[in-house]
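# Structure of the sequence below:
(2 chains)
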Amino acid sequence: MIARFLAGLITLFARAVTAVRAEWGAHLPDLRPRVYFANHASNGDFVLVWTVLPKPVRARTRPVAASDYWLKDAVRTYIGRKIFNAVLIERDAEKRTEDPIQQMAAALDQGSSLILFPEGTRNLSEVPLLPFKSGLYRLALARPGVEMVPVWIANLNRAMPKGELIPVPMLCTVSFGMPVRLREGEEKTAFLERARAALLSLRPREHSRP
Amino acid sequence: MTPERQTIFLFLAIGCVLVAATAVGMVLAQRRAGAPDPMVDNLNQRIKAWWVMVALIGLAFLFGPTGVIVLFAIASFTALREFITLTETRRGDHYALVAAFFVVLPVQYILIAIDWYGFYSIFIPVYAFLFMPIIAAIRADTTKFMERVAVTQWALMLAVFCVSHVPALLMLPIPDYEGRGLLLIAFLILVVQSSDVLQYVWGKLYGRTRIAPTLSSSKTWEGFLGGIGSASLIGLALYWITPFSPPAALLMAFAATLMGFLGGLVMSAIKRDRGVKDWGSMIEGHGGVLDRLDSVIFAAPIFFHLTRYFWSV
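Just a heads-up that it's a prediction; the model follows:
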């Protein structure tokens, strides 16, 4: 109940600061479990995607996030676990007790959709999109029927750069593309390259790079 | 008539104009009979947005001066956000931008609310002008430093300083006009916005000769002369809500609409430079808040100072 209320407050705040606008294109959201994969340049990325999703979809959409960040203290644990209901995965392979791909697949099997950042870390460089880690491919291999929807988040890195506490108000857009699916016999690099190109094609010309 | 009655009368008149416009829009939409016409759709979106904007201003008027100050502070916030979004900011500007939004903007409107003329008229041009580059310099990122500083300054001038001169009209002490500041604001906004609408209408009907083809394809001499002329006549017809005599009302309306037109040109030049058609998408059919406010931004300070010099004590 309290977590619900706080989640509402967070999305309201996100809207007040960014006036975020969703561009659905041909793709419309529905309740089937999906994987939304997005570019990652700001701490607020997931919140923005979450904000533009219609409420019933949002209620069953879970971000995939790093447990070393979200389990650091009590406040973060509460936010990550209770408010965002994140699928927390261990980034360090040596400390793993669970297989991250299995965790994500299990969430999909339970009817949840996922928000995933396939770059694996925040992109602080000048290039628009880092190479993808293999997680997206391995998840596609584990659950071949699931649609993977590219989501481009524009401008949020300018509103909330790394390490800053107060965001600068900035108009942001979240663009959804046509879903990508693993083709039969498709190689890892080919699939990742195709998914990455699909995401990059959503990058708007104006606004993000004037 | 009491100021309250004048205000109610004015809003009723605006309501009638909007009802007429809505009726025309519906007839046009009916007549095209299934064939999509983007111009009619856009017209109807614009009329719908006008209903919302008039309702918002009416609501602010109900709350009196505080309501109007809060409304324009919010308008400044959204306008500044649109402006900054289109500029090339860097990590090093973060503190300066946070200060612009969360310190300079509220302070400017608080100064207006407490009617400290001597400070609000120099706060942004002097204090913000000097302190913003200081904050940016402390971050020690010198890439395109001059451009970044200049753009932030100008964003504050247009989106905050100029816009804040609309509610500042409330505070002008004008003899025999006490308690009617809201009507003076209504006069300025009505004249400038009707000039925009009439320029659009005259331009669509008779527009042939473009004024600045590289800047805007929709700005024509016919639209300009017809729009400014007819909007000035509206100003003359509204003299009874102002402290001005009828000829003075005509001249003040002319000055405001002319500045409004020129402001539109400047803002078009900025949009061209940035390669966008609209400032944003907040007001359906119109574009961003700045697309609607551009003429008011340039008209407000001039209108304010002319009124202050000639009519206030």
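
# Contacts only, for residue A:167.
Listed by CB atoms under 8 Å, 6 or more residues apart in numbering or on different chains, the contact set of residue A:167 reads A:17, A:18, A:44, A:159, A:160. Bear in mind the C-beta positions are built from the backbone N, C-alpha and C, glycine included.

# the strands in chain A, which residues?
A:21-23, A:35-38, A:61-66, A:87-89, A:113-116, A:148-154, A:173-176 (DSSP state E).

# who wins for proximity to chain B among the ones you listed?
strand A:21-23 (6.1 Å; CB to the nearest CB).

# hang on, the earlier thing: need the strands of chain A in CSV with mean neighbour count and mean pLDDT, can you?
Below are the strands of chain A laid out as CSV (neighbours: other CB atoms under 10 Å in any protein chain shown; pLDDT from 0 to 100):
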stretch, mean neighbour count, mean pLDDT
strand A:21-23, 16, 92
strand A:35-38, 26, 96
strand A:61-66, 21, 93
strand A:87-89, 21, 93
strand A:113-116, 23, 96
strand A:148-154, 24, 95
strand A:173-176, 24, 94
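
# would CSV of those with distance to chain B be doable?
Below are the strands of chain A laid out as CSV (distance: least, CB to the nearest CB, whole Å):
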stretch, distance to chain B
strand A:21-23, 6
strand A:35-38, 20
strand A:61-66, 23
strand A:87-89, 29
strand A:113-116, 24
strand A:148-154, 10
strand A:173-176, 9
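
# So which of the contacts of residue A:167 is the closest to residue B:181?
Nearest to residue B:181 among the contacts of residue A:167: residue A:17, at 32.1 Å, using CB to CB.

# Angles on the backbone of the residue of chain A positioned farthest from its centre, please.
Distance to the chain centre peaks in chain A at residue A:185, reaching 26.3 Å (criterion: CA atoms, centre = their mean). The phi and psi torsions at residue A:185 (degrees, to the nearest 10) take the values phi 70, psi 10.

# Now do the helices in the stretch 101-250 of chain B.
Counting by DSSP state H, counting those that start in this stretch, one finds helices in the stretch 101-250 of chain B at the ranges B:105-113, B:117-120, B:129-138, B:145-156, B:163-168, B:181-206, B:221-237, B:246-274.

# of those, which approaches chain A most closely?
helix B:246-274 (5.1 Å).

# buried stuff in that closest one?
Residues B:248-261, B:263-265, B:267-268, B:270-271, B:274 are the ones in helix B:246-274 that count as buried (16 or more other CB atoms under 10 Å in any protein chain shown).

# Over to stretch B:12-32?
Buried residues in stretch B:12-32 (16+ other CB under 10 Å): B:14, B:18, B:21, B:25.

# Can you give me every residue that contacts the second one?
By CB under 8 Å, 6+ apart, residue B:18 lies in contact with B:47, B:50, B:51, B:54.

# For ChimeraX, what selects the buried ones among the contacts of residue A:167?
Here is the ChimeraX command that selects only those of these that count as buried (16+ other CB under 10 Å):
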select /A:17,18,44,159,160
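
# contacts with chain B among the contacts of residue A:167, please.
On the criterion CB under 8 Å from any CB of the partner chain, none of the entries of the contacts of residue A:167 sits beside chain B.

# ok, the contacts of residue A:167 vs residue A:10, which is closest?
Taking CB to CB as the measure, residue A:10 lies nearest residue A:44 of the contacts of residue A:167, at 9.5 Å.

# picking that back up, save the helices of the stretch 101-250 of chain B as a markdown table, and put in distance to chain A and mean pLDDT too.
Listed next are the helices of the stretch 101-250 of chain B as a markdown table, based on distance: least, CB to the nearest CB, whole Å; pLDDT from 0 to 100:
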| stretch | distance to chain A | mean pLDDT |
| --- | --- | --- |
| helix B:105-113 | 10 | 98 |
| helix B:117-120 | 22 | 96 |
| helix B:129-138 | 13 | 91 |
| helix B:145-156 | 11 | 92 |
| helix B:163-168 | 15 | 97 |
| helix B:181-206 | 22 | 94 |
| helix B:221-237 | 27 | 96 |
| helix B:246-274 | 5 | 95 |
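
# Tell me which of these sits most buried.
helix B:163-168 (a mean of 26; mean count of other CB atoms under 10 Å in any protein chain shown).

# for that one, packing partners?
helix B:64-85, helix B:105-113, helix B:117-120, helix B:181-206, helix B:289-311 (3 or more CB pairs under 8 Å, 6 or more residues apart in numbering or on different chains; DSSP states H and E).

# Measure how far the helix-or-strand element of chain A with minimal mean pLDDT is from the centre of its chain, please.
Between all helices and strands in chain A, the lowest mean by mean pLDDT, DSSP states H and E belongs to helix A:67-70, at a mean of 87. From the chain centre to the centre of helix A:67-70 is a distance of 16 Å (CA atoms, centre = their mean, to the nearest Å).

# contact partners of it?
Applying CB under 8 Å, 6+ apart, the contact partners of helix A:67-70 are A:76, A:77, A:79, A:80, A:81, A:86, A:88, A:89, A:90, A:91, A:92.

# hmm, which of the residues you listed are the buried ones?
Listed as buried from the contacts of helix A:67-70 are A:79, A:80, A:86, A:88, A:89, A:90; burial here means 16+ other CB under 10 Å.

# what's the second one in contact with, if anything?
Listed by CB under 8 Å, 6+ apart, the contact set of residue A:80 reads A:65, A:70, A:71, A:86, A:88.

# Using TSV, please lay out the strands of chain A together with distance to residue A:204.
Output for those, formatted as TSV (distance: least, CB to CB, whole Å):
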stretch	distance to residue A:204
strand A:21-23	8
strand A:35-38	14
strand A:61-66	23
strand A:87-89	29
strand A:113-116	20
strand A:148-154	6
strand A:173-176	7
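
# out of those, nearest to residue A:4?
strand A:61-66 (14.3 Å).

# Does anything pack onto the closest one? Which helices or strands?
Using 3+ CB pairs under 8 Å, 6+ apart: strand A:61-66 touches helix A:45-52, strand A:87-89, helix A:100-109, strand A:113-116.

# could those go into JSON lines alongside distance to residue B:181?
Putting these into JSON lines (distance: least, CB to CB, whole Å) gives the following:
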{"stretch": "helix A:45-52", "distance to residue B:181": "39"}
{"stretch": "strand A:87-89", "distance to residue B:181": "57"}
{"stretch": "helix A:100-109", "distance to residue B:181": "59"}
{"stretch": "strand A:113-116", "distance to residue B:181": "50"}
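
# I appreciate the help and will end here.
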